[in-house]
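Enquirer: Let's see this in three dimensions:
(2 chains)
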Amino acid sequence: MKSIPEMSGPYVRKEKSVTRTMTLVMLALVPATSYGLYLYGWPAIILFTIAIASALLFEILSLLIAKKPVVRFVSDGSAMLTAWLLAISLPPWAPWWVAVLGSAVAIVIGKHVFGGLGQNVFNPAMVGRVVLLLSFPLEMTAFVNPLPLFSADAPNFLQGVQIVFGGMSIDAYTGATVLDSVKVAVGHGGVVQDGIAGQYDLGLWLAGNNAGSMAEGADILLLIGGILLIFTRVIRWFIPVSTLLSLALIATVFNLIDPATYPDATIHLFTGSAVLGAFFIATDPVTSPTSPKGQLFFGASLGALIYLIRTWAQYPEGMSFAILLMNAVTPLINRYMRPRIFGRTNKGDPLGLSRR
Amino acid sequence: MNVFGIRGGAKVTGRKELTAETPVEKLPMPRLLHVPLQQHVGSPAVPIVSVGCRVKKGQLIAESKGAVSAPVHAPTSGFVTRIGNYLAPHPSGLPVLTLSLEPDGRDEWCKLPQPLELETASPKEIAERVSEAGVVGMGGAAFPSAVKLSMGEKYALDSLILNGAECEPYLTCDDRLMRERANETIIGTQYMMKALGVSKAYIAIEDNKPASFKSMQVAAGQDSRIEVVYVPARYPMGSSAHLVQAITGRETPASGRTADLGVIVNNVATAFAVYEACKLGRPLISRIVTLSGEAVKRPANYEALVGTPVAELMKQSGGLIEEPKQLLMGGPMMGQPLPNLEVPIVKGTSGILALRGTEIPEQNIMPCIGCGSCVAVCPAGLLPMEMMNRIDHEDVDGADEIGLRDCISCGSCNYVCPSHIPLVQFFNYGKGRLKEQDADKRRHDKIKVLTEAREKRLAKEGL
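Expert: As a prediction, the model looks like this:
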């Protein structure tokens, strides 16, 4: 950025900073994350730590190569948040190298290749996740059923280390996500109800007690965090509300047409990563539109894409694919969906005059 | 009365507590006054006295020149010691023609014109009196008030809004005025209404000034045409177009004025000056100035003669606690740096601020993260970060396309930016470039016309 010598006002500032923004997002993620770590125990805790540590390392290396002030940029919290989002969307017992590779792709390719903070077109965490998923579909879909810390069968610390570093098979623990089982069931000529195997349990899903990524499950806690972000004005309501509303609306329409083939809105909203994505990932300021109009359009399209991909595409990746696709059109949305200028019509002409 | 919402706007930390409860104090007579001959928008006034002349308080010392201008009067009785360039209260520090006056200590009034009676005076007489008294907009813009008061001739006006919003942090001069001189301000309002030919006046006060609201309401008591209205304390509520929107619900057209909606906006302090001009025959020679900021030992409100060096106010307040990080004239949002303490108070000076480092924390500039805070607060409905980006890439025309000219320089975007990007600085730079381009274009057009005319003439002459 160019520096222009002469100073101009305002001389007072709001006590806000990039660090504060990133920190608040992470704080809002704490309840859902801690619950996720509790549900999936030691392997998840170890994996989460590895993801964050390696992301910070790659961030420092990238900053050194780019000759940017390391301390100022590492302390902005953006790399940690990226790794955090990536980690909690990984299968909770994934091997260590998945986390390291994901962090590397997210930070180096997803962010610094584009020019670092604020310059990236795509959400770095989602870039990391999608590259992992396309490259290692097996590891990236090995979901396990929740096995809370300190419960009878839960792995202890040493077993956790073994699971993460490849010394122990997790086959005995794996389970499928609800959306996946539904898709498989319908794909094999069955109906939605075969997929959920009679386990329709909204309370359970809201609490996150279903197989899935590390911390995408506890929708109640994610909602609390998301609402906190809206109240602290870190995010605005436009994207989360329009995303979830559009997804719910489309799901309801299809479900009404054919309930045997199309699961209802609650399954779409609360058994996958919809809430996590809508509040925490789609709202990434860098990769989402800036105007209210643009944000509403972004969210509504995102919801539709999620449904489209979940229902008819090959990969079980509604959220991350949809977000990346919408990221790609964000510059266009910003260009064409600008707020109306004060004193002008939507087209930009001055409002009518009534001079005598 | 219910008011309408305005778009955007920022909640700013007011810091008004520093001076809100300090009544207006008189200053001792300064040793020397420096009265600039251009304190207003428009052409400078032309001096009509010479060095060595003895002048009386209120005597005309420089005449207005041209349609948009304002005369200047002697703030006290004394001798003209110098007429020449002197530091102007302007960040460039460039000198302007200034008349220096050595007070004789007698503070003796000249013969003042007869008071105008509200009942009998014609609108034209009132506007003329206001013009002769050198009254200018006292909210900071310093536009000659008489020009505004004559707008009834060109526009179908229906109401007057008095701006008592005082949305800039730190400033309390209007607040004190409304508390201490409410009756006079209301009388001034009545003169203005008569001059404009309107039957309705609103006095708009931000809802963080209940004492002012009450005192103005009491003062307006008998006159049912005047309504005192609370507007939300949200910066930049004092912007005239936004004030009009809050009160009438109507938006001023981009290329127009509030007068296009039938509304004229004036500052409350201007109404007080109109009162003095019409009711007492006194020209505008002094004003209330807020001296504030944590670097000032005793922040206060002063009634200061025009031409009083800022240093005199500082002295009266016990000086500075420490070297201020920033000296400002006006509020901290739109005010301008003060070159030094020798510059004089002028008609448009609402405040002098000496801010400490704790009030302006060091903040690292980070890259834009596209959070959209600036878009949310922009009262003009612009995309500040996008304009900044384009200006940063020397694409001033691109910034123009998305509304650079509609930016009101309020600084709200700059205030909330979490990356601490100096947005206003970019916009000022961009606007400067646009101005140059416009001037270039006008020159080229003129040259083209002249060249074509010459060619035609040569062809005609068969050369």
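Enquirer: among the helices and strands of chain B, which has the poorest mean pLDDT?
Expert: Least confident helix or strand, chain B: strand B:336-337 with a mean of 89, by mean pLDDT, DSSP states H and E.
Enquirer: could you point out which element follows that strand?
Expert: Toward the C-terminal end, the helix or strand that comes next after strand B:336-337 (DSSP states H and E) is strand B:351-355.
Enquirer: for that next one, packing partners?
Expert: Secondary-structure packing of strand B:351-355 (3 or more C-beta pairs under 8 Å, 6 or more residues apart in numbering or on different chains; DSSP states H and E): strand B:286-292, helix B:310-316, strand B:326-329. For every residue, glycine as well, the C-beta is placed using N, CA and C.
Enquirer: switch the cut-off to 7 Å
Expert: Packing contacts for strand B:351-355, counted by 3 or more C-beta pairs under 7 Å, 6 or more residues apart in numbering or on different chains; DSSP states H and E, involve strand B:286-292, strand B:326-329.
Enquirer: and those, which one is worst for confidence?
Expert: Set side by side, the helices and strands packed on strand B:351-355 give their lowest mean pLDDT on strand B:326-329, at a mean of 92.
Enquirer: List of residues touching that one?
Expert: Applying C-beta atoms under 7 Å, 6 or more residues apart in numbering or on different chains, the contact partners of strand B:326-329 are A:11, B:89, B:335-338, B:349, B:352-355, B:360.
Enquirer: Name the residues of the stretch 51-200 of chain A found near chain B, please.
Expert: For the stretch 51-200 of chain A, the contact set with chain B under C-beta under 7 Å from any C-beta of the partner chain comprises A:72, A:76, A:116-119.
Enquirer: Counting neighbours, which of those residues end up buried?
Expert: For those, a neighbour count by 16 or more other C-beta atoms under 10 Å in any protein chain shown gives the buried set as A:76, A:116-118.
Enquirer: Out of the residues of the stretch 51-200 of chain A next to chain B, which is nearest to chain B?
Expert: A:Gly118 (3.8 Å; C-beta to the nearest C-beta).
Enquirer: and B:Ala259, how many residues sit next to it?
Expert: Per other C-beta atoms under 10 Å in any protein chain shown, the neighbour tally for B:Ala259 reads 22.
Enquirer: got it, and B:Leu171?
Expert: Neighbour number of B:Leu171 under other C-beta under 10 Å is 30.
Enquirer: and if you look at B:Arg457?
Expert: Close neighbours of B:Arg457, defined as other C-beta under 10 Å, add up to 10.
Enquirer: For it, give its distance to chain A.
Expert: Computed as C-beta to the nearest C-beta, to the nearest Å, the B:Arg457 to chain A distance reads 39 Å.
Enquirer: Quick one: classify that residue as helix, strand or coil.
Expert: Following DSSP: H, G, I helix; E, B strand; the rest coil, B:Arg457 is assigned to helix.
Enquirer: where's stretch A:117-125 relative to the chain centroid, distance-wise?
Expert: Distance of stretch A:117-125 from its chain centroid, counting by C-alpha atoms, centre = their mean, to the nearest Å, is 13 Å.
Enquirer: Ok, stretch B:31-41 next?
Expert: Offset of stretch B:31-41 from its chain centre (C-alpha atoms, centre = their mean): 15 Å.
Enquirer: likewise stretch B:319-335?
Expert: Distance, centroid of stretch B:319-335 to centroid of chain: 18 Å (C-alpha atoms, centre = their mean).
Enquirer: Can you point out the buried residues in it?
Expert: B:320, B:324-335.
Enquirer: what do you get for stretch B:225-238?
Expert: For stretch B:225-238, the neighbour count (16+ other C-beta under 10 Å) marks B:226-238 as buried.
Enquirer: Give me the contact list for that stretch.
Expert: Residues lying outside stretch B:225-238 but in contact with it, judged by C-beta under 7 Å, 6+ apart, are B:1, B:3, B:6, B:9-12, B:139, B:163, B:165-167, B:186, B:189, B:199-208, B:213, B:216-217, B:220, B:242-243, B:246-247, B:333, B:379, B:410, B:412.
Enquirer: ok, which of these also contact chain A?
Expert: Near chain A, judged by C-beta under 7 Å from any C-beta, the entries from those are B:333, B:379.
Enquirer: Quick one: mark the members of the contacts of stretch B:225-238 that sit in helices.
Expert: Among those, the residues falling in helices (DSSP state H) are B:186, B:189, B:213, B:216-217, B:220, B:242-243, B:246-247, B:412.
Enquirer: Adding neighbour count, write the residues you listed out as JSON lines.
Expert: Shown next, in JSON lines, are these (neighbours: other C-beta atoms under 10 Å in any protein chain shown):
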{"residue": "B:Ile186", "neighbour count": "27"}
{"residue": "B:Thr189", "neighbour count": "28"}
{"residue": "B:Phe213", "neighbour count": "20"}
{"residue": "B:Met216", "neighbour count": "27"}
{"residue": "B:Gln217", "neighbour count": "17"}
{"residue": "B:Ala220", "neighbour count": "21"}
{"residue": "B:His242", "neighbour count": "28"}
{"residue": "B:Leu243", "neighbour count": "27"}
{"residue": "B:Ala246", "neighbour count": "24"}
{"residue": "B:Ile247", "neighbour count": "20"}
{"residue": "B:Ser412", "neighbour count": "30"}
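Enquirer: so which pair among the buried residues of stretch B:319-335 is furthest apart in space?
Expert: B:Leu320 and B:Met334 (23.2 Å; C-beta to C-beta).
Enquirer: Endpoints of stretch A:69-87, how far apart?
Expert: Terminal residues of stretch A:69-87 are spaced 26 Å apart (C-alpha to C-alpha, to the nearest Å).
Enquirer: wait, stretch B:257-275
Expert: From the first residue to the last, stretch B:257-275 extends over 25 Å; the measure is C-alpha to C-alpha.
Enquirer: Return the member of the buried residues of stretch B:319-335 nearest to A:Ser181.
Expert: Nearest to A:Ser181 out of the buried residues of stretch B:319-335 is B:Met333 (C-beta to C-beta; 58.2 Å).
Enquirer: any idea whether the nearest residue to the closest one once chain neighbours are set aside is helix, strand or coil?
Expert: Counting by C-beta to C-beta, 6 or more residues apart in numbering or on different chains, B:Met333 lies nearest to A:Pro10, which is 4.4 Å off, once chain neighbours are set aside. Assigned by three-state DSSP, the conformation of A:Pro10 is coil.
Enquirer: next one: B:Ser100
Expert: At B:Ser100 the chain is in strand, as set by three-state DSSP.
Enquirer: Give me the packing partners of the helix ranked longest in chain A, helices and strands only.
Expert: Ranked by number of residues, the top helix in chain A under DSSP H is helix A:18-66. In terms of contacts (3+ C-beta pairs under 7 Å, 6+ apart), helix A:18-66 is packed against helix A:70-74, helix A:78-88, helix A:96-104, helix A:157-164, helix A:219-231.
Enquirer: Report the rounded mean pLDDT for it.
Expert: 95.
Enquirer: how far is that helix from where the chain is centred?
Expert: Centre-to-centre, helix A:18-66 and its host chain are 13 Å apart (C-alpha atoms, centre = their mean).
Enquirer: Need the residue closest to the centroid of chain B.
Expert: B:Gly140 (1.3 Å; C-alpha atoms, centre = their mean).
Enquirer: State the distance from that residue to chain A.
Expert: Distance of B:Gly140 to chain A, given as C-beta to the nearest C-beta: 12 Å.
Enquirer: what stretches of the chain score poorly on pLDDT?
Expert: Unless you meant another one, I'm taking chain A. For chain A, the stretches with pLDDT under 70 are A:1-6, A:167-168, A:172, A:197-200, A:353-356.
Enquirer: um, chain B though
Expert: In the predicted model of chain B, residues B:91-93, B:463 satisfy pLDDT under 70.
Enquirer: domain parsing for it?
Expert: According to automatic domain parsing, chain B comprises the domains B:16-20+B:113-280, B:363-463.
Enquirer: Which one of these lies nearest to A:Asn327?
Expert: Among those, the nearest to A:Asn327 by C-beta to C-beta is domain B:363-463 (11.4 Å).
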